[in-house]
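1. Give me coordinates for this.
(chains A and B)
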Number of protein chains: 2
Amino acid sequence: MKENNRNGHIKAAYQGEGGAFSEAAARRMLGANVEARPYRSFDHIFEAVARGEADCCVVPIENSLAGSVHKNYDLMLEHNLTIIAETTLRIVHNLIAMPGTDFSEVRRAYSHPVALAQCERFFRANPQIEAVTSHDTAGSVREIIERGRSSEAAIAGAAAARVYNAEIIAEEIEDNRQNFTRFLLLTLPEHATKIATEPRGNERKTSIVFSIKNQPGALFRTLAAFALRDIDLAKIESRPIEGRPWEYSFYLDLVGDIREQRVERALAHLAEMTETIKVLGAYSTAGALEGRAINDYSNEVGRN
Amino acid sequence: MKENNRNGHIKAAYQGEGGAFSEAAARRMLGANVEARPYRSFDHIFEAVARGEADCCVVPIENSLAGSVHKNYDLMLEHNLTIIAETTLRIVHNLIAMPGTDFSEVRRAYSHPVALAQCERFFRANPQIEAVTSHDTAGSVREIIERGRSSEAAIAGAAAARVYNAEIIAEEIEDNRQNFTRFLLLTLPEHATKIATEPRGNERKTSIVFSIKNQPGALFRTLAAFALRDIDLAKIESRPIEGRPWEYSFYLDLVGDIREQRVERALAHLAEMTETIKVLGAYSTAGALEGRAINDYSNEVGRN
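-> Reported below is the predicted structural model:
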């Protein structure tokens, strides 16, 4: 990752605490030297980039089991950031406790609701352990270490155990190993060329969001703009429009770059039919190497 | 609601605790006499119906601000229940505390993460109050009443305050009044005719779920089955397929009844193109009277 040394001065905002999956995603896309800065909420990280406190931000956008992180779709519509890269991590959940804790002592396991839901089989097999909702995976590790009780554990990635000098007492407790999260790297359009991201897959992707009048066949006609030009759609997602109950915006990832003529023409065609349309970014698709378990990436995740 | 007295023997499962929004939705669809039974999780209520412990269940499927309740889309695919009615409630959030509590004493407000997120403006205006995540809106009211501390409040609907003899100390604290939740009533196909639901809107809706091979233009071609027959789509939602990262099922609500010939033909046409297809139910759309604030429905919500 020699070429990424130049990102040493880059500040990348992420949601969570040291050891979060988003921090690992930031290092994956920007190299080990990037200055990864934790923030409390997704709102805060978008604002940090908008006002120049951070150069870019890394957000989870979709999990292969839980689905989309809708809050971040909404924030992309609200803020004027552009997507410049994506990456995919395999999510491995571990039961993490105070060093020396015996598994049989644990009575409560704290984590983010999504992580808890992804370990249902573990909780069914261990009814003596109660699942307790908390705000953050890595943050739960910090909290149980601060309290120092052997009856308490947290569920998080291996990096969080290292960051807080905690111990993994049960590994890979997630129900389904086909558990991947896709992360996006966003920045202000004027900074897009300053940030070095590794070239990855051979393909390019373009993300857009649009809204249409609610008429029979309206969505069908908009998709024609792509189908008639053989442009593949990687994803479509509907989100409610605030203040207009049961009307939706559509987020769409298409395979192709906005600089290709057929994509340019498809977007012009689409614009004839939409009420609003916004290009969220064009970027290289996650490469084939990605999606490896984040436990394999210990070199990428450490203390700042 | 005279015609609904016959639902007195009907047991309707819902997620949450007494005073939950889902309980109000159950009474709205089934009448005041229905026996509404609280369960801890969405999984539990689907299972309760599947094994005959409850006759039907009521689940939130979509909020006009937060979007879809994806867990319930997944459970509809997993279980063989059929949708027989829908209703829409306006969601009003209130700050609820021990009777006699003064607003200035409150330091923490407990609620479900979605409710907390819908009261962001309230928390910004009252920085002395910390938002604390809990599993349930109505359940938070029960818990703060059990603990009996004047520094603690919960955020929930007005019904929860009545059920637990708590006091509303700040009303309608949600950011956006265009806050509606759509609920579905589901039962086993063989019980569908035993349960009386009020006839509502003039229109019928049919809900389906299907999966397609990931090929360019695939979604476009499936939507053609409806567009070419002037069938309006009320909603489309994509959900990840478990174990097949970045492949999706599509949930679709169309305006029309499955017994209409054009709908029947559209579904036959669709089936030519899909890998799997399942009809989730056909039902009357929510009537014009619905969507009134649930605070207005005090007669519908009481102790069982």
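
2. export stretch A:188-200 as CSV, just CAs?
-> Presented in CSV, the C-alpha positions along stretch A:188-200 are these (Å, rounded to 0.1, in the frame of the first residue of the first chain):
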residue,chain,number,x,y,z
LEU,A,188,-16.7,17.4,-1.1
PRO,A,189,-16.6,17.5,-4.9
GLU,A,190,-13.7,20.0,-4.8
HIS,A,191,-11.5,17.6,-2.8
ALA,A,192,-12.3,14.5,-4.9
THR,A,193,-8.9,14.6,-6.7
LYS,A,194,-6.8,15.3,-3.6
ILE,A,195,-7.6,11.9,-2.0
ALA,A,196,-5.8,8.9,-3.3
THR,A,197,-7.9,5.7,-3.3
GLU,A,198,-6.5,2.5,-4.7
PRO,A,199,-7.8,1.5,-8.1
ARG,A,200,-9.8,-1.7,-7.5
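
3. Chain B versus residue A:180, what's the distance?
-> 5 Å (C-beta to the nearest C-beta, to the nearest Å). No exception for glycine: its C-beta is placed from N, CA and C like everyone else's.

4. Please tell me I have it right and that residue contacts residue A:86.
-> No. Look at residue A:180 against residue A:86 with C-beta atoms under 8 Å: they stay out of range, at 11.8 Å.

5. where do the contact lists of these two overlap?
-> Residues touching both residue A:180 and residue A:86 by C-beta atoms under 8 Å, 6 or more residues apart in numbering or on different chains: none at all.

6. out of the two, which sits in the busier spot?
-> Neighbours per residue (other C-beta atoms under 10 Å in any protein chain shown) separate residue A:180 from residue A:86, with residue A:86 holding more: 26 against 20.

7. mind showing which ranges of the stretch 151-300 of chain A have poor pLDDT?
-> A:198-201, A:287-300 (pLDDT under 70).

8. what does it have sitting close to chain B?
-> Within the stretch 151-300 of chain A, the positions near chain B by C-beta under 8 Å from any C-beta of the partner chain are A:176, A:178, A:180, A:182, A:215-217, A:219-221, A:223-224, A:226-227, A:230-240, A:242-246, A:248, A:291.

9. can you tell me which of those residues are in helices?
-> Among those, the ones falling in helices (DSSP state H) are A:219, A:220, A:221, A:223, A:224, A:226, A:227.

10. The third one reaches residue A:273, doesn't it?
-> To tie it back to what came earlier, the one meant is residue A:221. Yes. Between residue A:221 and residue A:273 there is a contact under C-beta under 8 Å: 5.7 Å.

11. And for the residue nearest to residue A:263 when sequence neighbours are not counted, the neighbour number?
-> Closest residue to residue A:263 apart from its sequence neighbours, by C-beta to C-beta, 6 or more residues apart in numbering or on different chains: residue A:256 at 4.4 Å. Residues within reach of residue A:256, counting by other C-beta under 10 Å, total 21.

12. how far does stretch A:79-93 stretch from start to finish?
-> 32 Å (C-alpha to C-alpha, to the nearest Å).

13. The closest residue to residue A:243 other than its chain neighbours and residue A:180, how far apart?
-> In space, residue A:243 comes closest to residue B:178 once its chain neighbours are excluded; the distance is 4.8 Å by C-beta to C-beta, 6+ apart. Look at residue B:178 and residue A:180: by C-beta to C-beta, to the nearest Å, they are 35 Å apart.

14. Next: residue A:118.
-> Distance, residue A:118 to residue A:180, by C-beta to C-beta: 12 Å.

15. Common neighbours of those two, please.
-> Joint contacts of residue A:118 and residue A:180 (C-beta under 8 Å, 6+ apart) are residue A:91.

16. those strands in the stretch 51-200 of chain A, which residues are they?
-> In the stretch 51-200 of chain A, the strands defined using DSSP state E, counting those that start in this stretch lie at A:56-63, A:67-68, A:82-90, A:94-97, A:108-111, A:130-133, A:152-156, A:167-170, A:180-187.

17. pLDDT on the second one, on average?
-> It refers to strand A:67-68. Mean per-residue pLDDT for strand A:67-68: 86.

18. CA atoms only for stretch A:171-185 - export them in PDB, please.
-> Output of stretch A:171-185 as PDB, limited to C-alpha atoms (Å, rounded to 0.1, in the frame of the first residue of the first chain):
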ATOM      1  CA  GLU A 171     -15.200 -16.200  18.100                       C
ATOM      2  CA  GLU A 172     -17.400 -15.800  15.000                       C
ATOM      3  CA  ILE A 173     -20.700 -16.000  16.800                       C
ATOM      4  CA  GLU A 174     -22.700 -14.600  13.900                       C
ATOM      5  CA  ASP A 175     -25.500 -16.700  12.500                       C
ATOM      6  CA  ASN A 176     -24.500 -16.400   8.900                       C
ATOM      7  CA  ARG A 177     -21.000 -16.100   7.500                       C
ATOM      8  CA  GLN A 178     -22.300 -14.500   4.300                       C
ATOM      9  CA  ASN A 179     -22.300 -11.300   6.300                       C
ATOM     10  CA  PHE A 180     -20.800  -8.400   4.300                       C
ATOM     11  CA  THR A 181     -21.000  -4.700   4.700                       C
ATOM     12  CA  ARG A 182     -20.500  -2.300   1.800                       C
ATOM     13  CA  PHE A 183     -18.900   1.100   2.800                       C
ATOM     14  CA  LEU A 184     -18.700   4.300   0.800                       C
ATOM     15  CA  LEU A 185     -16.000   7.000   0.900                       C
END
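
19. mind listing what residue A:30 touches?
-> By C-beta under 8 Å, 6+ apart, the residues touching residue A:30 are A:4, A:7, A:10, A:12, A:56, A:185, A:195, A:196, A:197.

20. so which of these is the most crowded?
-> In terms of neighbour count, residue A:56 stands highest of those at 30 neighbours, by other C-beta under 10 Å.

21. Is the spatially closest residue to residue A:61 that is not a sequence neighbour bridged to anything, and to what?
-> Leaving aside its sequence neighbours, residue A:61 sits nearest to residue A:184 (C-beta to C-beta, 6+ apart; 5.1 Å). Following DSSP bridges, residue A:184 is listed with bridge partners residue A:59, residue A:86.

22. count of residues packed around residue A:184?
-> 25.

23. isn't it right up against residue A:83?
-> Yes. With contacts counted by C-beta under 8 Å, residue A:184 reaches residue A:83, the gap being 5.0 Å.

24. who touches both of these two?
-> When contacts are counted by C-beta under 8 Å, 6+ apart, residue A:184 and residue A:83 have residue A:281 as shared neighbours.

25. contacting residues around residue A:165?
-> If you count contacts by C-beta under 8 Å, 6+ apart, then residue A:165 has A:99, A:145 around it.

26. What separation is there between it and chain B?
-> According to C-beta to the nearest C-beta, residue A:165 stands 26 Å off from chain B.

27. What values do phi and psi take at that residue?
-> When read as degrees, to the nearest 10, the backbone of residue A:165 gives phi 50, psi 40.

28. Residue A:10 too?
-> According to degrees, to the nearest 10, residue A:10 has phi -80, psi 130.

29. pretty sure it contacts residue A:32?
-> No. Assessed by C-beta under 8 Å, residue A:10 is found out of contact with residue A:32, at 11.9 Å.

30. What is the end-to-end distance of stretch A:156-169?
-> With C-alpha to C-alpha applied, stretch A:156-169 spans 12 Å between its terminal residues.

31. for stretch A:219-238, same thing?
-> Terminal residues of stretch A:219-238 are spaced 11 Å apart (C-alpha to C-alpha).

32. Report the buried residues of it.
-> Within stretch A:219-238, the residues that count as buried by 16 or more other C-beta atoms under 10 Å in any protein chain shown are A:219-227, A:229, A:231-238.

33. Got the phi and psi for residue A:272?
-> Main-chain dihedrals, residue A:272, degrees, to the nearest 10: phi -60, psi -20.

34. so what's whichever residue of the stretch 51-200 of chain A sits closest to chain B closest to, chain neighbours aside?
-> Closest residue of the stretch 51-200 of chain A to chain B, C-beta to the nearest C-beta: residue A:64 (3.8 Å). Distances taken as C-beta to C-beta, 6+ apart place residue B:245 nearest to residue A:64, at 3.8 Å, with adjacent residues excluded.
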